[in-house]
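*Asks:* Attaching a predicted model along with its sequence, questions to come.
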Amino acid sequence: MKGSEPSLPSAIYSAAQVRELDRIAIEEHGVESYVLMSRAGEAALRTVQARWPSAQKVLVYCGAGNNAGDGYVLARFAAAAGFAVRVSALVPVQRLTGDAARAARDCAAAGVRIDPFDADAEPTRDFTPDVIADALLGTGIDRALHDDFAKAVALVNAGSTPVLALDVPSGLHADTGLPLGDAIRANVTVTFIGQKQGCFLGMARDYCGELELADLGVPAAWSAQLRPVLNRLMPADLKAALPRRARTAHKGAHGRLLLVGGGPGMSGAIRLAAEAALRAGAGLVEVATHPHSVATVMSGRPEIMCHPLEAADELDRLLEAADGVVVGPGLGRSAWSRALWQRVSAANLPLVVDADALNLLAETPTPRGRWILTPHPGEAARLLGTATAEIQRDRLAAVRALAERYSGVAVLKGACTLVAAADLVHVCDRGNPGMAVGGMGDVLAGVLGALVVQTNDLLRSARAGVLLHALAGDSAAERGERGMLAADLLPQIRRWANPSS
């Protein structure tokens, strides 16, 4: 999934919660279930027309249940709109029940050709679609696909025809975002009534493509009794943390940030973090680093005040003057590094903890509080005493566990970075694969530190900082994702750190 559309709402629900919204619409507000299904088919057709305006032929793969019903409605409406349409049915229409059966009957009555799925004949049939619609399975599946369903998914994924998934890509778990064996790799997913958490977790970005929401006429007010599982980070998060500055502002009004790290041979990390902090608006930026790293840190950026440290007690005067600390970029795990970590973690200051500082914390887990932890999945696994695969299997549970165990704000990095504090979890659906390169985490740490000293609010800083970093990455990727460097974000950070200008 590329970054989702800015117009998408913030609230994201579990599959069960969306089914409850469906029930509320039908039972409490009198909306007929077939009306909802018809609206889903109409919404899918609008997506086809908007995304592929030159398309003339549509092939719809229909399975079972309401997802199949949505597909049959799409096929009928597409035919009425002038498309050449075929349906490939994995479940015989006579075995369908309820609204799905009605949708299939209406589709056949409208003259749409419905063929039984045949994995051997499918590639050679005399119909070459411009768009394929995936209406195989809905949100309720929890086991690996098999038989014809697995064959259909493999067939669709092996081709080059654009794919529209209805509700969620078939085979993708609607809550975890993990494929159940295999799953449809869609170009676009139009999800219905409410956004499903599985479109933002796990491996969803590899399967959902661009995400759209069709609310099917279900007002947001009807969901008031449900608490979203996740909330998307929104432009409002940036504006809340970074309002327009007063005309009488001075450097002392925007925070004094201390960054600690940069052991021998690792000076680049702390340099990137420091410049990112400057670009994100920190009033004063100081770096406490190893004497061997001073020249690199200061090279070309005289605005960074750099302090060589031989011993940890030399930190005391710097900590006393600081409003917040970033610790970890390039820190290492030497005796020098450990002494600095112990001094910083004992200070009564808000911290952003990154890189090797996280690994040192994992050796002696302590719920200090007043900090933002920024692990990637491997670091998160060490902090929670588990395997990286377990973190990735349930990222939502992992980020909640980090926030609870360490009494702070947890930022679990990766595709769709998660931000958690207590029982609140936010997700960032911006960013791109070009950011999977060394130094990006150091830049994020610097941005977070800059926001902490400007806002004095850890959760607000984490939400805004993660989004700012991702948006800067998307801006930097306008010239291409491959070959992007962490330093390419620096000028873009300044752009996004001024949301009100």
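*Replies:* Looks like it came in fine.

*Asks:* okay, now the domains of this protein?
*Replies:* Listed by automatic domain parsing, the domain ranges of the chain are 11-227, 235-496.

*Asks:* Adding mean pLDDT, write those out as a markdown table.
*Replies:* Formatted as a markdown table, the domains of the chain follow (pLDDT from 0 to 100):
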| stretch | mean pLDDT |
| --- | --- |
| domain 11-227 | 95 |
| domain 235-496 | 96 |
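
*Asks:* Helices of the stretch 351-500 of the chain, residue ranges please.
*Replies:* Applying DSSP state H, counting those that start in this stretch to the stretch 351-500 of the chain gives helices spanning 356-363, 377-384, 388-393, 395-405, 440-455, 458-476, 490-496.

*Asks:* now the first one against helix 440-455, angle please.
*Replies:* Angle, helix 356-363 to helix 440-455, by axes from the mean of the first three to the mean of the last three Cα atoms, to 10 degrees: 90 degrees.

*Asks:* And the helices of the stretch 351-500 of the chain: which comes nearest Tyr34?
*Replies:* For Tyr34, the closest of the helices of the stretch 351-500 of the chain is helix 395-405, at 33.7 Å, according to Cβ to Cβ. Where C-beta positions appear, they are placed from N, C-alpha and C, glycine not excepted.

*Asks:* Could you give the separation of that closest one from the chain centroid?
*Replies:* Offset of helix 395-405 from its chain centre (Cα atoms, centre = their mean, to the nearest Å): 16 Å.

*Asks:* what packs against that helix?
*Replies:* Judged by 3 or more Cβ pairs under 8 Å, 6 or more residues apart in numbering; DSSP states H and E, helix 395-405 is in contact with helix 377-384, strand 409-412, strand 418-421, strand 424-427.

*Asks:* ok, and for stretch 339-347, which residues are buried?
*Replies:* Of the residues in stretch 339-347, 340-341, 343-345, 347 count as buried by neighbour count, 16 or more other Cβ atoms under 10 Å.

*Asks:* which other residues reach the helix or strand containing Val287?
*Replies:* For Val287, the host element (DSSP states H and E) is strand 284-289. Residues from elsewhere that reach strand 284-289 (Cβ atoms under 8 Å, 6 or more residues apart in numbering): 251-252, 255-263, 267, 270-271, 274, 277-278, 297, 303-309, 314-315, 318, 322, 330, 340, 450.

*Asks:* mind redoing it with 6 Å?
*Replies:* Contacts to strand 284-289, defined as Cβ atoms under 6 Å, 6 or more residues apart in numbering, come from residues 251, 256-260, 262, 270, 274, 277-278, 297, 304-307, 309, 315, 318.

*Asks:* Please apply the same query to stretch 350-357.
*Replies:* With Cβ under 6 Å, 6+ apart, stretch 350-357 has contacts from 324-329, 331-333, 341, 370-374, 445, 448-449, 452.

*Asks:* Narrow those residues to those in strands?
*Replies:* Among the contacts of stretch 350-357, the residues falling in strands (DSSP state E) are 324-327, 371-373.

*Asks:* residues contacting the closest residue to Leu402 other than its chain neighbours?
*Replies:* Of all residues not flanking Leu402 in the chain, Ala410 sits nearest, at 3.7 Å (Cβ to Cβ, 6 or more residues apart in numbering). Ala410 is in contact with 373, 399, 402-403, 420, counting by Cβ under 6 Å, 6+ apart.

*Asks:* On the strand side of things, show who Ala410 bridges to.
*Replies:* Leu373, Ala420 (DSSP bridges).

*Asks:* can you give me the helices in the stretch 201-350 of the chain?
*Replies:* Using DSSP H, counting those that start in this stretch, helices in the stretch 201-350 of the chain cover 235-241, 267-279, 294-298, 316-321, 335-345.
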